[in-house]
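Peer 1: would you be able to build a 3D model of this:
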Amino acid sequence: MNLDELISEYAGIEGRLSDPSVHADQALARRLGKRYAELRPIVETHRELASTEGDLATARELAGEDEAFAAEAADLDKRRDELEERLRRLLVPRDPNDSKDVILEVKAGEGGEESALFAGDLLRMYLRYAERVGWKTEVLDSHPSDLGGYKDVTVAVKAKKGAQDWGAAGRSHGGETEGVWTRLKYEGGVHRVQRVPATESQGRIHTSAVGVLVSPEAEDVDVQVDPNDLRIDVYRSSGPGGQSVNTTDSAVRITHLPTGVVVSCQNEKSQLQNKEQALRILRSRLLAMAQEEADAAAAAERKSQVRTVDRSERVRTYNYPENRISDHRVGYKAYNLDQVLDGDLHNVTQALVDADMERRLAEAQKS
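Peer 2: Down below sits the predicted model:
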């Protein structure tokens, strides 16, 4: 769509949202509200640009009579350039999932118990980061290791309306409010750690790896799951003891027969709650699979262009002896690993957001 069409769409949605009958259909109202929020920064920036251009023309006309207007014209000229650049970025096609929440899974990999311990460290990093920016987190499923790490853990991360504010430099689209997916979608992949494990008695540095999978949380309108396509098994929960754990068949395993995707959940006390959580994870995985299939069908040229932010590759190294964090996709390197692990992840994610924006700007110029 061009700018005029987007402005027209915004006005149309604004009119529909003022109709009380629209709000009788909550799904429709939510969908319209989300699209309205996506278009608002474009329309507001366009309006401010038009106003600035009008003020600039006036200031230039009066600059010969008063030096104050000449100085004002210079400021307005600079502001116009800033608004034009912001509008250019806003008009770049967005990732359709940018406003979505996410399901984040952390799985221990190579390295045994040390990998499980680092999985726990990554989980804490993401939980602290979410806390810093005002997101809500919910652990859906987890399998602790013997020494307090995690064999695997699944967390839902949700944005609270109006919670996060990245500031002018931290918004990938020049001013709009971001969803969780915008920041966390690049976390998927293999995360490598280099450190002396707690289990190492001779002080040797070991290298181990943890896998992270990030999926946009699917809504019912995104993925329709036919109950006839599901095989649901129940079993007894494993892990630390306690009421309802190891005593009842409360854990649930769901197999999606057409795709073979298997999801299990045992964190909640009741079988019904575990089934609901497992279905949330399943819908998100099916949505991610559908998008991966669509991406795989894209042209080879485009796939080579996005390689620097390919979430399937090994993505990051955490080097404890040097207090260094390195992201291999964009060449990011910093020596504040302790702060990053405490949740100060903004600069790392911003480097990836910026790289992706530059790629999409380049693609937009070619088209």
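Peer 1: all contacts plus neighbour counts: C-alpha atoms, from now on.
Peer 2: Noted.
Peer 1: buried residues, the host helix or strand of residue 116. List them.
Peer 2: Taking DSSP states H and E as the criterion, residue 116 maps to helix 113-133. Residues of helix 113-133 classed as buried by neighbour count (16 or more other CA atoms under 10 Å): 113-123, 125-130, 132-133.
Peer 1: keeping just the C-alphas, turn the strand or helix carrying residue 212 into PDB.
Peer 2: Take DSSP H and E as the rule and residue 212 turns out to sit in strand 206-216. Output of strand 206-216 as PDB, limited to C-alpha atoms (Å, rounded to 0.1, in the frame of the first residue of the first chain):
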ATOM      1  CA  HIS A 206      34.600 -25.700  29.100                       C
ATOM      2  CA  THR A 207      32.400 -24.900  26.100                       C
ATOM      3  CA  SER A 208      28.800 -26.000  26.100                       C
ATOM      4  CA  ALA A 209      25.700 -25.000  24.300                       C
ATOM      5  CA  VAL A 210      22.000 -24.300  24.900                       C
ATOM      6  CA  GLY A 211      19.300 -24.100  22.300                       C
ATOM      7  CA  VAL A 212      16.600 -21.400  22.300                       C
ATOM      8  CA  LEU A 213      13.400 -21.600  20.300                       C
ATOM      9  CA  VAL A 214      11.200 -18.500  20.000                       C
ATOM     10  CA  SER A 215       7.800 -18.700  18.400                       C
ATOM     11  CA  PRO A 216       5.100 -16.000  18.100                       C
END
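Peer 1: let the chain start at 3 from now.
Peer 2: Sounds good: first residue 3 from here, last item strand 208-218.
Peer 1: who does the helix or strand that that strand is followed by touch, helix- and strand-wise?
Peer 2: Next helix or strand after strand 208-218 toward the C-terminus (DSSP H and E): strand 232-237. Using 3 or more CA pairs under 8 Å, 6 or more residues apart in numbering; DSSP states H and E as the contact criterion, the neighbours of strand 232-237 among helices and strands are strand 253-258.
Peer 1: need the three-state assignment for residue 71.
Peer 2: Using DSSP: H, G, I helix; E, B strand; the rest coil, the structure places residue 71 in helix.
Peer 1: how many neighbours does it have?
Peer 2: By other CA atoms under 10 Å, 18 other residues sit near residue 71.
Peer 1: swap in residue 233?
Peer 2: As a burial measure, the neighbour count of residue 233 was computed by other CA under 10 Å and equals 12.
Peer 1: likewise for residue 81?
Peer 2: Using other CA under 10 Å, residue 81 is surrounded by 17 other residues.
Peer 1: which element is it on?
Peer 2: Taking DSSP H and E as the definition, one finds residue 81 inside helix 69-92.
Peer 1: how about residue 9?
Peer 2: Assigned by DSSP H and E, residue 9 falls within helix 5-19.
Peer 1: using PDB, write out every CA atom in that helix.
Peer 2: What follows is the C-alpha trace of helix 5-19 in PDB, where atoms were taken according to Å, rounded to 0.1, in the frame of the first residue of the first chain:
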ATOM      1  CA  LEU A   5       0.900   6.300   2.000                       C
ATOM      2  CA  ASP A   6      -2.500   7.600   0.800                       C
ATOM      3  CA  GLU A   7      -4.000   4.100   1.000                       C
ATOM      4  CA  LEU A   8      -2.700   3.700   4.600                       C
ATOM      5  CA  ILE A   9      -4.100   7.000   5.700                       C
ATOM      6  CA  SER A  10      -7.500   6.100   4.100                       C
ATOM      7  CA  GLU A  11      -7.400   2.700   5.900                       C
ATOM      8  CA  TYR A  12      -6.600   4.400   9.200                       C
ATOM      9  CA  ALA A  13      -9.600   6.700   8.800                       C
ATOM     10  CA  GLY A  14     -11.800   3.800   8.000                       C
ATOM     11  CA  ILE A  15     -10.700   1.800  11.000                       C
ATOM     12  CA  GLU A  16     -11.200   4.900  13.200                       C
ATOM     13  CA  GLY A  17     -14.800   5.100  12.000                       C
ATOM     14  CA  ARG A  18     -15.500   1.500  12.600                       C
ATOM     15  CA  LEU A  19     -14.000   1.500  16.100                       C
END
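Peer 1: how far out from the middle of the chain is it?
Peer 2: From the chain centre to the centre of helix 5-19 is a distance of 27 Å (CA atoms, centre = their mean, to the nearest Å).
Peer 1: before we move on, what about stretch 131-150?
Peer 2: Once both centres are worked out by CA atoms, centre = their mean, stretch 131-150 turns out to sit 16 Å from its chain's centre.
Peer 1: residues of that stretch that come out buried?
Peer 2: The neighbour-count check on stretch 131-150 (16+ other CA under 10 Å) flags 131-132, 134-137, 139, 141-147 as buried.
Peer 1: which of these sits closest to residue 189?
Peer 2: Of all these, the one with the least separation from residue 189 (CA to CA) is residue 131, at 12.6 Å.
Peer 1: picking up where we left off before, which outside residues touch the helix holding residue 81?
Peer 2: Contact partners of helix 69-92, identified using CA atoms under 8 Å, 6 or more residues apart in numbering, comprise 43-44, 47-48, 50-51, 54-55, 57-58, 61-62, 64-66, 175-177, 359, 363.
Peer 1: redo that, cut-off 10 Å
Peer 2: Helix 69-92 has contacts (CA atoms under 10 Å, 6 or more residues apart in numbering) with 5, 40-41, 43-48, 50-66, 174-178, 359-360, 362-363, 366.
Peer 1: among those residues, which are located in helices?
Peer 2: Among these, DSSP state H puts 5, 40-41, 43-48, 50-64, 359-360, 362-363, 366 in helices.
Peer 1: where in the stretch 3-152 of the chain is pLDDT low?
Peer 2: Low-confidence segments of the stretch 3-152 of the chain, defined by pLDDT under 70, are absent.
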